[in-house]
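> Here is my input; please provide its structure:
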Amino acid sequence: MCRDISFHSEITIIKKDFKDILLSPNPAHYPTDMVHVTCEVLPTYPIVVNRKALALANMSWGVVNTWIDDPRERQLQRSNMVNARSERIIGDKKSYWYRIRQNRCLIPTTGIYEHQEVKGFKNKIPYLIGLEGRKQFYVPALYQVSQEVDQYTGDLQNIATFTMITRAANDKMKWIHNSGENKHRMPLFLTPEMEQAWVLDDLGDDDMDEFFHFEMPSDAIAHHPVYSIRSRKPKPEGIIADAYYDWGKKLPIYGHDAPPEEQTSLF
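Numbering: from 1, shown residues only. Got it, this is the predicted structure:
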């Protein structure tokens, strides 16, 4: 599943894609330093949502499952609610995703991170994944607004949370995301027109099912290796999380069984 994303741009760039979107007049309202955002800490992230009006709203990654009564357990289970399989949103009427399927939103991003198991390397190689010809794009998601108990004060507060939608991977993403319990998955990448429709149109179940069956072609996927994003050690000076990183050893290249003689950036 996808658990790491990047937004390496100015928030106002979203206005170029959604001209009527409402942004906070105070830029400090939104989180900063989003070159690498991991769901592991249930972070706050700016989300495109249409609730009476199209707006960019801060939400926390990891949907709150309101079927769980115990407040502490609801929070603990959020780490299991960071991704929603597209196959279950319409196809499984007993799933929580079916219940909130009309709560559609978009995750602004300039790339997502995924790891590849490579022979000869002790650790998996992280890649930044983007869409060819697009500086930023939007991953479809679902959101939940619920009333939660503050664990410190005991006060009730409304909290907005979101989950990223994933689907079965295309050939290139299968090649990259080639190991682990949830291997061969990828975010539900969409075309610009489909992204707009996801939040602006009135979609029924059949309409959404068409979105879930859309597979972004492999040749539309851009990728390049990056420095480790999971290491607890400080990054060497000058290393940027989403920048191309030369791992020294030859890495395999998509479409080739053996590593190339020279490795260059593909992004």
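> Show me where the stretch 151-267 of the chain has its strands.
Secondary structure of the stretch 151-267 of the chain (DSSP state E, counting those that start in this stretch): strands at 156-168, 185-187, 221-225.
> I'd like to know which elements the first one is packed against.
Using 3 or more CB pairs under 8 Å, 6 or more residues apart in numbering; DSSP states H and E, the elements in contact with strand 156-168 are strand 44-51, strand 53-61, strand 83-85, helix 86-91, strand 104-109, strand 137-149, strand 185-187. Just so you know, the C-beta spots here come from the backbone N, C-alpha and C atoms, and that holds for glycine as well.
> List the neighbouring strands of that strand plus their orientation.
Using DSSP bridges, strand 156-168 pairs in its sheet with strand 53-61 (parallel), strand 83-85 (parallel), strand 137-149 (antiparallel), strand 185-187 (antiparallel).
> hmm, back to that, take the helices and strands packed on strand 156-168 and write them to CSV, including distance to residue 246 and mean neighbour count.
Below are the helices and strands packed on strand 156-168 laid out as CSV (distance: least, CB to CB, whole Å; neighbours: other CB atoms under 10 Å):
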stretch, distance to residue 246, mean neighbour count
strand 44-51, 30, 19
strand 53-61, 31, 18
strand 83-85, 31, 21
helix 86-91, 35, 18
strand 104-109, 24, 23
strand 137-149, 26, 19
strand 185-187, 25, 23
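> do you know which of the ones you listed lies nearest residue 119?
Evaluated with CB to CB, the helices and strands packed on strand 156-168 place strand 185-187 nearest to residue 119, the distance being 21.7 Å.
> ok so, going back, tabulate the strands paired with strand 156-168 (JSON lines), appending mean pLDDT and distance to residue 42.
Formatted as JSON lines, those follow (pLDDT from 0 to 100; distance: least, CB to CB, whole Å):
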{"stretch": "strand 53-61", "mean pLDDT": "98", "distance to residue 42": "5"}
{"stretch": "strand 83-85", "mean pLDDT": "98", "distance to residue 42": "13"}
{"stretch": "strand 137-149", "mean pLDDT": "95", "distance to residue 42": "12"}
{"stretch": "strand 185-187", "mean pLDDT": "98", "distance to residue 42": "18"}
